[in-house]
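Participant: no letters, just coordinates:
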C-alpha cells in the first residue's frame, strides 16, 4: 500500500487538491490516520489547524479509525417514513453496537447519514458507498453476510 | 393526460452511456459545433432569449447569469453543481448516469460563451460510481478531441449539504471548509480563485445542446411561458410508482402524482406532498392543481426547487416528519452565521418538544417568530429555507400540531 506521504504528494500540483488527497488517503486506509493532517498541511501550505478543519467539516471524511465495512444508514425524511428507524435498530442488534460505533473486531462501522440520492428505493443503506435499496430488517443478516 | 417530454433524458436507455460513439450517433455534440460557429454575444443572447432558468432551485435566467462574466476576462471558470443533496432528489444522478456526454457538451457550450478554458464538475461524495463514469466520459471526449481546448475536471464533495450553495461549493473546490461567502461579489464577477465563474446545475447544462441546436423559440414555446421547457422530477414516499420523469412545466402536481406516480400506494388517501426537497414547503390536497413551474409554485408558498416530489399518505405523522426535517437542518448548518447555527438548533429543540407532546402554544409562537427571523437573517439559502417545512405545516396542518399541545 502506498504511504500517506506518497498519496498526498501526488495531489501537490492540483489547486485546492487537499480534499481530493483526503479522499485518496481514505480510499486506501478507510479513514484519515493522524499523520495525514500534518503531511497535508505542509504539502498544501496551510496550517495544521486549517487542514484539520477541512478534514472534520465533511461528514464523509473521518479522522477516527473505522471498520473495514462502513455501513451508512440514511435517516432523511423519505427513508424515515419508509422505516429507517427499525432498520437502524436491526443493524444495531445484529452487530451489537450503536450507530457511530465500530465492532471490536474492526470489521464494521455503523453510521447515520442524510440522503444518499437513491430515493426511488427507500429505505436505503450504503456499504462502502455501494447502495442497497428497499431494505427491510429481515434482510440485515443476509446483507452482513455479503461482507467477507 | 399529459405526456412526458424528453429533452435532457432524450437519450436515456436508448444509448450506452459508456460509449461516446453512441452519443455521437444520436446527434451528440452538434449543439457544440453550432455554438462554436456563433459569436459569444450571440450565443449568450440566444440562451437569454430561450428563457432557460436554473434547474437547481433558484431559477435564475441562465443567459443573464452568463452575461455577468466580463467580456474581457482573461481567466474564467465553468462550474457544474452536481451536489444534489436535497433529500428525495436523485434527478441529476439519473441525467448523468443515462447520458454523461450531454452534460459535458452543455458545459463546453457555456465555456465558449464565457471564454473559459477550464470546467469543474463538483459531484457529491455519495456518488463515487458516477464520478468514475464521468471520468470515463471525459477521457473519451478528450480522446476524440471534441472538447478542444476546454478541460473538464471532476471534484468529489464530502457529504456536506451546504456545498450545494454555489459559493460554499466554490470554497470546497478551492480546498476549504464549505462555508458560504458573503455576496456580493457574485461568482460571475469573482468566484473560483477570485475569477469570474459561472455555476449552473447539471440539468441546466444538459438543456443547452438542444436549445442551441433547435433555437431559443423552440425552447421558449415548451411548457409555461415564464419557466419554459421541461423539468425532471423524482417521485418518492407513498406514491405507487417511485419513478423519475421529465415533463413540460405546465404539468400539475395532481398529474405528476396520479398520472405518472400511479396515485397513493396500497389504496390509501393523499395527505401532503413536499416538493423541491427537504427545504420545500408542504402542500395540501386543495392545491394539487397547481402547475409545477417555478412561479406557480411560489404563488402557493411552495417551491419547485430540485423537483423532488415526496408524497405522504393519510397515515403519516406531519409533526414527526417535520421534526425529522428540523434535525436535518440542525445537522447540516455549517455554523458560519449565527441565525442559522443557533436557529436550526432551537427549531429542532422546539420541534422535538412538540413531537413529544410537551409543548405549549407559546412554543409554537416562539417557533413561528424564530422561523420568520431565520428567513430574513440567515446568510445563505440553507438557513433561509430551513423554516419553510415548519411554516407550511403550521399553516396547512395546524390541527396536527394542536393535537400534540399540552392542555393549557
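Facilitator: Yes, it's here. Everything quoted here is computed from the prediction, not taken from an experiment. Residues are numbered from 1 along each chain as shown, chains lettered A, B, ... in the order given.

Participant: which residue, other than its chain neighbours, is closest to whichever residue of the stretch 301-408 of chain B sits closest to chain A?
Facilitator: In the stretch 301-408 of chain B, no residue comes nearer to chain A than residue B:324, which is 4.8 Å away by C-beta to the nearest C-beta. C-betas here are computed from N, CA, C, even on glycine. By the measure of C-beta to C-beta, 6 or more residues apart in numbering or on different chains, the closest residue to residue B:324 outside its immediate chain neighbours is residue A:80, 4.8 Å from it.

Participant: give me the spatial nearest neighbour of the residue in chain A positioned nearest to chain B, chain neighbours excluded.
Facilitator: Closest approach between chain A and chain B, counting by C-beta to the nearest C-beta: residue A:58, at 2.6 Å. By the measure of C-beta to C-beta, 6+ apart, the closest residue to residue A:58 outside its immediate chain neighbours is residue B:158, 2.6 Å from it.

Participant: now residue A:50
Facilitator: residue A:41 (7.0 Å).

Participant: on that earlier part again, what strand or helix carries the residue nearest to residue A:58?
Facilitator: Residue B:158 is part of no helix or strand, with elements assigned from DSSP states H and E.

Participant: residue contacts, it?
Facilitator: Residue B:158 makes contacts with A:19, A:22, A:23, A:57, A:58, A:59, A:60, A:61, B:125, B:172, B:178, as judged by C-beta atoms under 8 Å, 6 or more residues apart in numbering or on different chains.

Participant: mind running it again at 6 Å?
Facilitator: With contacts taken as C-beta atoms under 6 Å, 6 or more residues apart in numbering or on different chains, residue B:158 has the following neighbours: A:58, A:60, A:61, B:125.

Participant: repeat for residue A:54
Facilitator: Neighbouring residues of residue A:54 by C-beta under 6 Å, 6+ apart: A:18, B:177.

Participant: which strand or helix spans it?
Facilitator: Residue A:54 belongs to helix A:48-57 when assigned by DSSP H and E.

Participant: from the contact counts, what lies against the very next helix or strand once past that helix?
Facilitator: Beyond helix A:48-57 on the C-terminal side, the first helix or strand identified by DSSP H and E is strand A:69-74. With contacts taken as 3 or more C-beta pairs under 6 Å, 6 or more residues apart in numbering or on different chains; DSSP states H and E, strand A:69-74 sits against strand A:108-113, strand A:125-127.

Participant: next secondary structure after strand A:69-74?
Facilitator: Later in the chain than strand A:69-74, the nearest helix or strand by DSSP H and E is helix A:77-81.

Participant: hmm, who's touching that next one?
Facilitator: When contacts are defined by C-beta under 6 Å, 6+ apart, helix A:77-81 is touched by residues A:119, A:122-124, B:87-88, B:236-237, B:278, B:310, B:316, B:321, B:324-325.

Participant: now do stretch B:7-20
Facilitator: B:22-23, B:26, B:95, B:98-101, B:140, B:203, B:206-207, B:210, B:230, B:246.

Participant: buried ones among those residues?
Facilitator: Buried subset of these (neighbour count, 16 or more other C-beta atoms under 10 Å in any protein chain shown): B:22-23, B:95, B:98-101, B:140, B:203, B:206-207, B:210, B:230, B:246.

Participant: so which of the residues you listed sit within strands?
Facilitator: The members of these that map onto strands under DSSP state E are B:230, B:246.

Participant: going by distance to chain A, which of the buried ones among the contacts of stretch B:7-20 wins?
Facilitator: Checking those one by one against chain A (C-beta to the nearest C-beta), the nearest turns out to be residue B:95, at 12.1 Å.

Participant: check what pLDDT the closest one gets.
Facilitator: Per-residue confidence at residue B:95 stands at 98 (pLDDT).

Participant: ok, now the one 3 residues further on?
Facilitator: According to the model's per-residue confidence, residue B:98 sits at a pLDDT of 98.

Participant: for it, which non-adjacent residue is spatially closest?
Facilitator: Using C-beta to C-beta, 6+ apart, the closest residue to residue B:98 is residue B:12 (3.8 Å).

Participant: so, in contact with chain A or not, stretch B:184-191?
Facilitator: No - contact of stretch B:184-191 with chain A is not found when judged by C-beta under 6 Å from any C-beta of the partner chain; the minimum separation is 12.9 Å.

Participant: quick one: buried residues of that stretch?
Facilitator: B:186, B:187, B:188, B:189, B:190, B:191.

Participant: swap in stretch A:117-132?
Facilitator: When neighbours are counted by 16+ other C-beta under 10 Å, the buried residues of stretch A:117-132 are found to be A:117-127, A:131-132.

Participant: before we move on, what about stretch B:372-388?
Facilitator: Of the residues in stretch B:372-388, those buried under the neighbour-count criterion (16+ other C-beta under 10 Å) are B:374-375, B:378-388.

Participant: max pairwise distance over those residues: which two?
Facilitator: Taking every pair in the buried residues of stretch B:372-388 and measuring C-beta to C-beta, the maximum separation is 16.5 Å, between B:379 and B:388.

Participant: on that earlier part again, what about the residue nearest to residue B:98, neighbour count?
Facilitator: The number of residues packed near residue B:12 is 18, by other C-beta atoms under 10 Å in any protein chain shown.

Participant: that one falls within a strand, correct?
Facilitator: No - looking at residue B:12 with DSSP: H, G, I helix; E, B strand; the rest coil, it is coil, so not inside a strand.

Participant: show me the domain layout of the chain.
Facilitator: Because you didn't say which chain, this covers chain A. Per the record's domain assignment (automatic domain parsing), chain A is made up of the domains A:4-57, A:69-145.

Participant: the intended chain is chain B.
Facilitator: B:20-221, B:224-313, B:318-402.

Participant: would you mind measuring the gap between the ends of the last one?
Facilitator: Which is domain B:318-402. 12 Å (C-alpha to C-alpha, to the nearest Å).

Participant: average pLDDT for it?
Facilitator: Domain B:318-402 shows a mean pLDDT of 98.

Participant: near chain B too, which of the buried residues of stretch A:117-132?
Facilitator: Near chain B, taking C-beta under 6 Å from any C-beta as the test, the members of the buried residues of stretch A:117-132 found are A:117, A:119, A:120.

Participant: turn those into TSV, columns for secondary structure.
Facilitator: Supplementary listing: those in TSV, determined by three-state DSSP:
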residue	secondary structure
A:117	coil
A:119	helix
A:120	helix
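
Participant: tell me the one among those nearest to residue B:66.
Facilitator: The shortest approach to residue B:66 among these belongs to residue A:117, at 27.8 Å (C-beta to C-beta).

Participant: how near is residue B:260 to residue B:369?
Facilitator: Distance check for residue B:260 against residue B:369: by C-beta to C-beta, to the nearest Å, it reads 39 Å.

Participant: who has more neighbours out of the two?
Facilitator: Just comparing residue B:260 and residue B:369: by other C-beta under 10 Å the higher neighbour count belongs to residue B:260, 21 against 10.

Participant: get me the contact residues on chain B for chain A.
Facilitator: Counting by C-beta under 6 Å from any C-beta, chain B comes close to chain A at B:87-88, B:90, B:93, B:125-126, B:128, B:156, B:158-160, B:173-175, B:177, B:236-237, B:242, B:278, B:310, B:316, B:321, B:324-325, B:328.
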